[in-house]
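**Q** With the sequence up front, the predicted model follows.
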Amino acid sequence: MSELQALQAEIRELKDRQAILELKHRYLDACDAKRPAEVLDCFAEGEVDINFGHIGQFQRREDFVAVFEELGCHDHIVDLHHAQNPVITFTGPDSAEGRVGLHFHSLNTRDKTAFQLAGQYRDAYQRIDGQWRIVRSHFKPHWVQMRDFSGDADVVTYAGNAMPG
């Protein structure tokens, strides 16, 4: 491989890495903004592997987005996803795997509850028709904290294997 070819390959990898990171951030931003069509577009068409624990396991992006709409797309739900510490590994010219940390806050103004969790996504990405898409996304929580701010209850914290459901 010539020096020029090596440089071109390095530039392509940097651009692909950035595109994958932007894909993940676009997904999280679309979740926060309650834009289901944009969430849907982050995943590949056809069979996918989504496992979000107590939220569910899904083989089709449409099934996941339907649950997302049912649970999160309400005016009384305010969500903030904060991605951190991404590690992307290329497994081929059009495929990659990634680990992305998540710190998530959710506020339910109707029920007066707050929910926080931290954990890690383990994803697989595929370039399809020139665009990177998520083909696998598994989320494992490390800790969860639920709080009732109506004044009627205390804070409940779960960590590691003590997670509910």
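**A** The structure has been received and is ready for your questions. Keep in mind that this is a model prediction, so the values were computed, not measured.
**Q** alpha carbons only for contacts and neighbour counts from here, please
**A** OK.
**Q** In the chain, which helix is the longest?
**A** Counting residues, the longest helix in the chain under DSSP state H turns out to be helix 3-32.
**Q** mind listing what's buried in it?
**A** Going by neighbour count (16 or more other CA atoms under 10 Å), the buried part of helix 3-32 is 16-17, 20-21, 23-32.
**Q** Next SSE downstream of it?
**A** Scanning forward in sequence from helix 3-32 by DSSP states H and E, the next helix or strand is helix 36-42.
**Q** Apart from its neighbours in sequence, what residue is nearest Cys42?
**A** Closest residue to Cys42 apart from its sequence neighbours, by CA to CA, 6 or more residues apart in numbering: Arg133 at 5.5 Å.
**Q** So which elements touch the helix or strand that neighbour falls within?
**A** Per DSSP H and E, Arg133 falls inside strand 131-148. Strand 131-148 is packed against helix 3-32, helix 36-42, strand 47-51, strand 113-128, strand 156-159, with contacts defined by 3 or more CA pairs under 8 Å, 6 or more residues apart in numbering; DSSP states H and E.
**Q** Distance from that strand to the middle of the chain?
**A** 5 Å (CA atoms, centre = their mean, to the nearest Å).
**Q** and the angle for that strand with strand 113-128?
**A** 170 degrees (axes from the mean of the first three to the mean of the last three CA atoms, to 10 degrees).
**Q** just for this protein, where's the confidence low?
**A** Within the chain, the segments meeting pLDDT under 70 span 152-165.
**Q** For stretch 100-114, list every residue counted as buried.
**A** Buried residues in stretch 100-114 (16+ other CA under 10 Å): Val100, Gly101, Leu102, His103, Phe104, His105, Ser106, Leu107, Asn108, Thr113, Ala114.
**Q** Output that stretch as CSV, nothing but the C-alphas.
**A** Output of stretch 100-114 as CSV, limited to C-alpha atoms (Å, rounded to 0.1, in the frame of the first residue of the first chain):
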residue,chain,number,x,y,z
VAL,A,100,-21.2,3.9,24.3
GLY,A,101,-21.8,4.9,27.9
LEU,A,102,-25.1,6.5,28.8
HIS,A,103,-26.3,8.7,31.6
PHE,A,104,-30.0,9.1,31.3
HIS,A,105,-32.4,11.4,33.2
SER,A,106,-36.2,11.3,32.9
LEU,A,107,-38.8,13.5,34.5
ASN,A,108,-42.5,12.7,34.6
THR,A,109,-44.2,15.9,35.5
ARG,A,110,-47.7,14.2,35.7
ASP,A,111,-46.7,11.5,38.2
LYS,A,112,-44.0,13.7,39.9
THR,A,113,-41.3,11.1,39.5
ALA,A,114,-37.7,11.3,38.4
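**Q** That'll do, ta.
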